[in-house]
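>>> Here you go, sequence then predicted model.
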Amino acid sequence: KVSKGEIFGFVGTNGSGKTTTIRNMMGFIRPDHGSVRILDQEVSYNTTQLMRHIGYIPSEISFPDIGDGNAFIKSQAEMIDLKNMDYANYLIEKLGLDTSANLKRMSKGMKQKTAIVAGFMAKPDILILDEPSTGLDPLMREIFVDILIESKQRGATIFMSSHVFEEVEKTCDRVA
């Protein structure tokens, strides 16, 4: 159980099931036994209403072939009916993201920054983050930690898997 407003760290070795657990939480796969509940709703394949409250960063980022970062961020905003892009623009500036870069030619770090903007830009109530700082350099990891703490301060609940113990120690209220 993760409490409202908490940053919950989820750690484990490679292959221990962190990503599989998160995919269950997102409704991408179904558990063999048991269930996942978010906001008192059981997660299933038909979770469109529930997903309006969740920001997600996958462990492996694969963008559609739609051009540059601007096009991707705009398409994500349209999908969630986000009209005010002020916070997205704030994140783009804070992360030093060049959104004019072609998605397919972006470095791992640039892709990660783009995913962070997409996951956080609507200021969701819940953030589910699977290795969210992978590919970021040490300075960008510090900035990412600042963004996590800002999100917690506004009341977001954050579930985050990470291999970066310093990141977990700095941000998480509890770790499993």
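It's in.
>>> Next one: Asn24 relative to Met79, how far apart?
Separation of Asn24 from Met79 (CB to CB, to the nearest Å): 22 Å. (Glycine included, C-beta is placed from N, CA and C.)
>>> in stretch 156-163, what counts as buried?
By neighbour count on 16 or more other CB atoms under 10 Å, the buried set for stretch 156-163 is 156-162.
>>> my bad, should have said stretch 38-58
38, 43, 47, 50-51, 54-58.
>>> Could you check how far the helix or strand in which Asn70 is found is from the centre of its chain?
Per DSSP states H and E: Asn70 is located in helix 69-79. Helix 69-79 sits 15 Å away from the centroid of its parent chain (CA atoms, centre = their mean, to the nearest Å).
>>> Return the set of residues that bridge with the closest residue to Ser35 other than its chain neighbours.
Spatial nearest neighbour of Ser35, excluding adjacent residues (CB to CB, 6 or more residues apart in numbering): Glu42 at 5.2 Å. Beta bridges link Glu42 to Arg37 when assigned by DSSP bridges.
>>> Worst mean pLDDT across the helices and strands of the protein, which element?
helix 48-51 (a mean of 76; mean pLDDT, DSSP states H and E).
>>> For this protein, which segments are assigned as helices?
Shown for the chain, the helices assigned by DSSP state H span residues 18-25, 48-51, 69-79, 86-95, 108-120, 138-153, 165-171.
>>> any idea which of those helices scores lowest on pLDDT?
If you rank the helices of the chain by mean pLDDT, helix 48-51 sits at the bottom with a mean of 76.
>>> Check the offset of that helix from the chain's centre.
Taking mean C-alpha positions (CA atoms, centre = their mean), helix 48-51 and its chain are 15 Å apart.
>>> do the same with stretch 126-137
Worked out by CA atoms, centre = their mean, stretch 126-137 lies 6 Å from the chain centre.
>>> Check which residues of it are buried.
Buried, per 16+ other CB under 10 Å, within stretch 126-137: 126-136.
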